[in-house]
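> Next come a sequence and a model predicted from it.
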Amino acid sequence: MSTLRAPRPQRAASLWAKAARVLTTPHHPEDFLALINPLASARQLRGVVTKVDRETPDAATISFRPGKGWDHHLAGQYARIGVEIDGVRHWRSYSLSAGEGRDPAVTVTAIGKVSDALVHGTHVGDVLFLAPPQGDFVLPEHPRPLLMITAGSGLTPVMSMIRTLIPARPDADVVLIHSDRTPADALFREELLETADQFPGLIVHHWFTGRRGRRLDLSSTDDLDALVPGWRTRAAYTCGPVEMLDAADMLWAREGLDIRMERFAPALL
């Protein structure tokens with residue numbers, strides 16, 4: 001006599017999956033799950049917007065809760081963000097501005113169609129399409145004095161580094177030189193000044209071109225010598241406009257030194 005046996009768990013799950021596909025064809029079962037949970041998708045990593053903070057009239061920080069499959073980011077890394085505009089999905093790469101161990105966030109300046117849509121059209125509860133964080137523009141493995149040179153939105157990956165490093169390490173030693181047109185244009189200005197007041201391991205120099213009439217000059221060492229004596233002994237990082245990165249690259253090469261830089265402009269284009 002044959003004995004009826006209960007199906008094994010894996011077999012039962014497979015049978016349920018096949019039944020679900022039959023009932024939902026031509027759609028996938030996860031398409032219906034997404035109506036209940038917008039993050040429920042094995043085919044595409046997603047994130048739901050949890051907060052939108054206005055940084056300047058043309059910039060916003062967008063915090064989101066990623067779904068299953070998101071890797072915790074390292075300070076300084078970036079992620080590709082997908083946004084649907086008029087039924088078409090567009091992808092752009094954005095540096096993550098949140099510190100390590102926190103829910104991810106991107107700080108976006110409204111330059112270009114996708115960035116403008118993110119800054120002016122994103123609301124809490126919206127769903128973003130995501131790719132896992134990546135990039136090697138990260139903090140050094142061992143503690144050492146740091147020099148950060150940024151301009152405009154190039155501050156965003158460095159801000160992630162500052163938020164990660166400064167509160168956690170009493171021995172931190174970071175000097176930031178950030179260039180922008182005016183104080184109103186400068187991202188995170190108040191937070192940086194408050195952090196520098198609270199933690200002696202951070203020194204911030206804001207360089208406003210509207211007041212000085214020129215950018216930080218990296219064609220020679222004069223500006224650096226005046227702002228940061230001993231800058232040659234620091235591990236240097238820079239992120240910003242291509243012209244600034246090229247000038248920094250040439251200057252550090254002439255001095256026989258290394259500098260780490262994030263050239264995100266080509267990826268955005």
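The structure has been received and is ready for your questions.

> What are the boundaries of the strands in the chain?
Counting by DSSP state E, the chain has strands at residues 46-56, 59-66, 78-85, 88-95, 105-109, 127-130, 146-151, 174-180, 202-208, 235-239, 259-262.

> Select, out of those, the one closest to residue 121.
Relative to residue 121, the nearest member of the strands of the chain by Cβ to Cβ is strand 78-85, separated by 8.6 Å. The C-beta positions use only the backbone N, C-alpha and C, and glycine is treated the same way.

> Point out the other helices and strands that that closest one packs with.
strand 88-95, helix 113-121, strand 127-130 (3 or more Cβ pairs under 8 Å, 6 or more residues apart in numbering; DSSP states H and E).

> Any stretches of this structure with poor pLDDT?
Within the chain, the segments meeting pLDDT under 70 span 1-43, 264-269.

> Just put the strands of the chain in CSV and tack on mean neighbour count and distance to residue 165.
Converted to CSV, the strands of the chain look like this (neighbours: other Cβ atoms under 10 Å; distance: least, Cβ to Cβ, whole Å):
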stretch, mean neighbour count, distance to residue 165
strand 46-56, 17, 21
strand 59-66, 21, 19
strand 78-85, 18, 18
strand 88-95, 16, 16
strand 105-109, 24, 17
strand 127-130, 20, 25
strand 146-151, 24, 8
strand 174-180, 23, 7
strand 202-208, 17, 9
strand 235-239, 23, 12
strand 259-262, 19, 15
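
> so can I have TSV of these showing distance to residue 116?
Shown next, in TSV, are the strands of the chain (distance: least, Cβ to Cβ, whole Å):
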stretch	distance to residue 116
strand 46-56	14
strand 59-66	11
strand 78-85	10
strand 88-95	11
strand 105-109	9
strand 127-130	15
strand 146-151	20
strand 174-180	19
strand 202-208	25
strand 235-239	21
strand 259-262	22
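
> returning to what we had before: out of the helices and strands packed on strand 78-85, which gets nearest to residue 169?
Closest of the helices and strands packed on strand 78-85 to residue 169 is strand 88-95, at 21.6 Å (criterion: Cβ to Cβ).

> Take the helices and strands packed on strand 78-85 and lay them out in a markdown table including distance to residue 238.
As requested, the helices and strands packed on strand 78-85 are arranged in a markdown table below (distance: least, Cβ to Cβ, whole Å):
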| stretch | distance to residue 238 |
| --- | --- |
| strand 88-95 | 13 |
| helix 113-121 | 21 |
| strand 127-130 | 27 |
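
> so what's residue 224 up against?
Contact partners of residue 224, counting by Cβ atoms under 8 Å, 6 or more residues apart in numbering, are 218, 231.

> Now do it against residue 207, distance only.
11 Å (Cβ to Cβ, to the nearest Å).

> what's the answer for residue 232, then?
For residue 232 relative to residue 207 (Cβ to Cβ), the value is 19 Å.
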